[in-house]
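> After the sequence you'll find the predicted model.
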Amino acid sequence: MGKSKSKSPAEYISSADIFPSGTGDSLLLPHFINQPMVGMMSKATKTMADGDLEKIYGEFLRAHESAIVSEIRKVCGISP
């Protein structure tokens, strides 16, 4: 865990040490993380301004929440 805290989201998501098989759908979709969300993480580098990082993180959180809520609705038989 200490290893990942020193990495930016872009470094983390592309790290072969953390994801030796890559960040494919079979690994991330069960965690409600799709490829567009991986793309968001890939944009978040250490050199970005804090405001830009906050914007990307906010977009990621909204997309992740939406994916989780969609699955809950689907399982409960609630129409979107």
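Cool, the structure landed. Please read these numbers as outputs of a predicted model, since none were measured by experiment. Numbers count the residues shown, from 1 in each chain.

> Distance check, the closest residue to Ile56 other than its chain neighbours against Ser70.
The shortest distance from Ile56 to any non-neighbouring residue, by C-beta to C-beta, 6 or more residues apart in numbering, is to Ala44 (4.8 Å). Quick note: C-beta positions are derived from backbone N, CA and C, even for glycine. As judged by C-beta to C-beta, to the nearest Å, Ala44 and Ser70 stand 23 Å apart.

> Which one of the two is surrounded by more residues?
Neighbours were counted for Ala44 and for Ser70 using other C-beta atoms under 10 Å; Ala44 has more, 20 against 13.

> quick one: contacts for the more buried one?
8-10, 53, 56-57 (C-beta atoms under 8 Å, 6 or more residues apart in numbering).

> Ranking by neighbours, what's the top pick from those?
Busiest of the contacts of Ala44 [other C-beta under 10 Å] is Pro9, holding 21 neighbours.

> That one contacts Met41, doesn't it?
Yes - using C-beta atoms under 8 Å, Pro9 makes contact with Met41 at a distance of 4.2 Å.

> Touching both of these two, which residues are there?
Ile56.

> give me the number of residues near Phe60?
20.

> so where is this protein shaky, pLDDT-wise?
Applying pLDDT under 70 to the chain flags residues 1-5, 80.

> please redo it, this time with the cut-off set to 80
Applying pLDDT under 80 to the chain flags the ranges 1-6, 79-80.
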